[in-house]
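>>> One predicted model, sequence on top.
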Amino acid sequence: MKNTTLRTPLSAAVFIVATILTTAVVAEPAARSVTLPQRISATELKRMLMDLPGTFEIVDIRPPAPYADFSLPGSTNVRIADVIANQSYRNGTVPLVIVDRDGSLAMAVGGILSQGTRRSIRVLHGGLEAYWNDAAVLLPPDPAPALAQAVKAPAAVPAAAKAAVAAPAARSTPTKKSAGC
């Protein structure tokens, strides 16, 4: 009789512990979503600059000297630490495009920013090197060839000079020459 009463509470305890362990093992932990910045190609950014100016913000995180040499229209030069620390870059309403020399630092900064915001963060894929190398694709035709043709055109020749120019001789049929065989 004693044995039966001990087994029932013991069996109940074992059942409860087994249920807890099984549930803990089977239940998956809450999935964390990692938000990454979107990559934007040089061609896409050029089209945005031409078609949709002012609908996005461009931040250039290169040092001031290279920024002074070449920068995208409408971009602002900001230090990396300032981009990460300043909440205004997280709280904006328009998409934020981050650019650098080759895209690597911009992707890291974009990844940090995109973790704490719902703002659309985009990174120029390949950086300004890709933008510069792809520049010839969307540029208008060079006006230099038209100018060169205008310069090469012969000057107007007066009527008296035209008469002095000899007319080409009539074409005669060439004589057949043998190869010596």
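Ah, there it is. This structure is a prediction, so every number in the text was calculated from the model and none was measured.

>>> Which of the helices and strands in this structure ranks last by mean pLDDT?
helix 144-152 (a mean of 48; mean pLDDT, DSSP states H and E).

>>> What segments of this structure are helices?
Secondary structure of the chain (DSSP state H): helices located at 2-26, 42-51, 64-69, 80-85, 88-91, 104-114, 127-133, 135-138, 144-152, 159-164.

>>> Give me the contacts around the fifth one.
Outside helix 88-91, the residues that touch it by C-beta atoms under 8 Å, 6 or more residues apart in numbering are 59, 83, 96, 113, 116-117, 119. Every residue, glycine included, has its C-beta placed from N, CA and C.

>>> mind putting these in a markdown table, pLDDT included?
Compiled in a markdown table, those are given as follows (pLDDT from 0 to 100):
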| residue | pLDDT |
| --- | --- |
| Val59 | 97 |
| Val83 | 94 |
| Leu96 | 95 |
| Leu113 | 93 |
| Gly116 | 84 |
| Thr117 | 88 |
| Arg119 | 91 |
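
>>> Among those, which one sits closest to Gln38?
Minimum separation from Gln38 among those (C-beta to C-beta) is found for Leu96, which lies at 10.6 Å.

>>> Would you check that that closest one makes contact with Phe56?
Yes - at 7.2 Å, Leu96 counts as touching Phe56 under the criterion of C-beta atoms under 8 Å.

>>> Of those two, give the one with the bigger neighbour count.
Shown here are Leu96 and Phe56; by other C-beta atoms under 10 Å, Leu96 has more neighbours (22 against 18).

>>> where in the chain is pLDDT low?
Within the chain, the stretches with pLDDT under 70 are 1-31, 135-181.

>>> hmm, try it at 80
1-34, 135-181 (pLDDT under 80).

>>> Look at the nearest residue to Ile112 once chain neighbours are set aside and say how many residues are nearby.
Spatial nearest neighbour of Ile112, chain neighbours left out: Ile84 (5.7 Å); criterion: C-beta to C-beta, 6 or more residues apart in numbering. Counted with other C-beta under 10 Å, the neighbours of Ile84 add up to 16.

>>> just the one 10 residues further on next, same as before
Other residues near Val94 number 11, with proximity taken as other C-beta under 10 Å.

>>> sorry, back to before: quick check: the gap between the residue nearest to Ile112 and Ser120.
Between Ile84 and Ser120 the computed distance is 17 Å (C-beta to C-beta, to the nearest Å).

>>> And for Asp102, the neighbour number?
14.
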